[in-house]
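*Asks:* sequence plus the predicted model coming up.
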Amino acid sequence: MDVTTLVFFAFGFVLLTVGADKLVDGSAALAEHLGISRLVVGLTIVAFGTSAPELAVNLQAAFLDKPDLALGNVVGSNILNILLVLGVAAIIIPLSVHKRVIKLEIPIMIAVSFLLFFLAFDGMLTHVDGIILTCGIVFYTLFTIKGSREEQNANKEGGNFHLYKQIGLILVGLVLLVLGSKWLVDGAIMIAHYYGISELIIGLTIVSIGTSLPELATVIIGSMKGEKDLVIGNVVGSNLFNILLVLGITSMISPLEVPAMAITFDIPIMIAVAMLCLPILFTDYLIDRWEGGLFVAYYVAYTLFLFFTATEHAWLSGYTDIMMWFVLPFTVFTLIVSVLWQAVTDTDKSE
């Protein structure tokens, strides 16, 4: 392993951190300048930018006729965004969630996930399906921005100069994020090869996480800066953009054959993860650290399942039984108790 590999890895990490910092600062300033809430900036501008790696990977997969990679990239990224990215953010600092997210954005995310399942159920995402999905993101973006304008709170001080500066910060942040994530992943792959780690493990870990590094870096920096609405908006918005824009454009360019495994397992898991947000977020509109830890633990469990399945590991059967008959029932029980406890607490407060 030469020095260049380590430099790529280290420099990629630096670019990723600096890029996330500039993106968060620029987005927050732009929201204030235009009178648009930070939540909406996260749902649109930041979400679109951090979904750029997924779009790049999918366009390449479409031209190379690799439908498994294109669909798996989006579904896997959406699962990772909620379980790992949101989980890590909540561990850093408990996230208070805007009521709008509970009542509007998460139901839309769940509905869009079901839409993908419906469109993919026949085994194909056609040109028409791509047009439907792409139109969906156009309508959603226009609806979100139009409904969020807060003209009375708009800060026009500094005129166009400050506006251009804020946009410039966002663009610089996005470029650094994309470059940083690419160099970090490339360096990690070279290091993994040096130590004899298999292509399968690399694919299940480094590459799958790689396209979500911009989201992860952005929410970590955003959490540390206290930009909680920006964090939530980025995660939910990225999931919407991944399905509607990334898969929409990809299938418009080249129809995607949907593997049976995606219909019977991966997409339903993505839907279940999206629905998992509702009971957790309904409990006092807060994602606590323990809930963030639960999300991260589930991502680790999901990754292990993929590994055991891909390798046909001897532990697969026992691991599946543990997940089905212990972990999942325990989680459902915990969520029900949390919701009931919150309901009792709210009743006591009202009295």
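*Replies:* Looks like it arrived, so ask away.

*Asks:* residue 290: neighbour count?
*Replies:* By other Cβ atoms under 10 Å, the residues close to residue 290 number 13. (C-beta placed from N, C-alpha, C; glycine too.)

*Asks:* give me the phi and psi for residue 121.
*Replies:* Main-chain dihedrals, residue 121, degrees, to the nearest 10: phi -60, psi -30.

*Asks:* ok, residue 162 touching residue 33?
*Replies:* Yes - assessed by Cβ atoms under 8 Å, residue 162 is found in contact with residue 33 at 6.2 Å.

*Asks:* looking at these two, which is more packed in?
*Replies:* residue 33 (19 against 16).

*Asks:* if I look at that one, how far off is residue 106?
*Replies:* 28 Å (Cβ to Cβ, to the nearest Å).

*Asks:* tell me where the stretch 101-250 of the chain has helices.
*Replies:* Remark: helices assigned in the stretch 101-250 of the chain by DSSP state H, counting those that start in this stretch are 106-120, 127-148, 159-194, 199-202, 208-210, 213-224, 228-241, 247-253.

*Asks:* minimum distance to residue 328: which of those helices has it?
*Replies:* Among the helices of the stretch 101-250 of the chain, the nearest to residue 328 by Cβ to Cβ is helix 106-120 (18.7 Å).

*Asks:* which residues touch that closest one?
*Replies:* Applying Cβ atoms under 8 Å, 6 or more residues apart in numbering, the external contacts of helix 106-120 come out as 71, 78, 125, 129, 132-133, 136, 140, 236, 239-240, 243-244, 247, 258, 262-263, 267-268, 270-271, 274-275, 277-278, 281.

*Asks:* could you redo the last one with a cut-off of 6 Å?
*Replies:* Helix 106-120 is contacted from outside by 129, 236, 239-240, 243, 258, 267, 270-271, 274-275, 277, using Cβ atoms under 6 Å, 6 or more residues apart in numbering.

*Asks:* which of the helices of the stretch 101-250 of the chain sits closest to residue 316?
*Replies:* When the helices of the stretch 101-250 of the chain are ranked by proximity to residue 316 (Cβ to Cβ), helix 199-202 comes first, at 14.4 Å.

*Asks:* mind checking the pLDDT average for the closest one?
*Replies:* For helix 199-202, the mean per-residue pLDDT is 54.

*Asks:* in CSV, could you pull the C-alpha coordinates for stretch 171-186?
*Replies:* Taking C-alpha atoms only, stretch 171-186 is exported to CSV below (Å, rounded to 0.1, in the frame of the first residue of the first chain):
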residue,chain,number,x,y,z
LEU,A,171,-22.1,24.9,-4.5
VAL,A,172,-18.6,24.7,-3.0
GLY,A,173,-19.9,22.5,-0.2
LEU,A,174,-21.6,20.1,-2.7
VAL,A,175,-18.5,19.9,-4.9
LEU,A,176,-16.3,19.1,-1.9
LEU,A,177,-18.8,16.6,-0.6
VAL,A,178,-18.9,14.7,-3.9
LEU,A,179,-15.1,14.8,-4.4
GLY,A,180,-14.5,13.9,-0.8
SER,A,181,-16.8,10.9,-0.7
LYS,A,182,-15.3,9.6,-4.0
TRP,A,183,-11.7,9.9,-2.8
LEU,A,184,-12.6,8.5,0.6
VAL,A,185,-14.3,5.5,-0.9
ASP,A,186,-11.6,4.9,-3.5
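
*Asks:* what residues of that stretch count as buried?
*Replies:* Using 16 or more other Cβ atoms under 10 Å as the test for burial, stretch 171-186 gives 173-178, 180-186.

*Asks:* turn those into CSV, columns for pLDDT and distance to residue 251.
*Replies:* CSV is the format used below for those (pLDDT from 0 to 100; distance: Cβ to Cβ, whole Å):
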residue, pLDDT, distance to residue 251
173, 79, 29
174, 78, 24
175, 81, 27
176, 81, 30
177, 75, 26
178, 73, 23
180, 76, 29
181, 70, 24
182, 73, 24
183, 77, 30
184, 70, 29
185, 68, 25
186, 74, 28
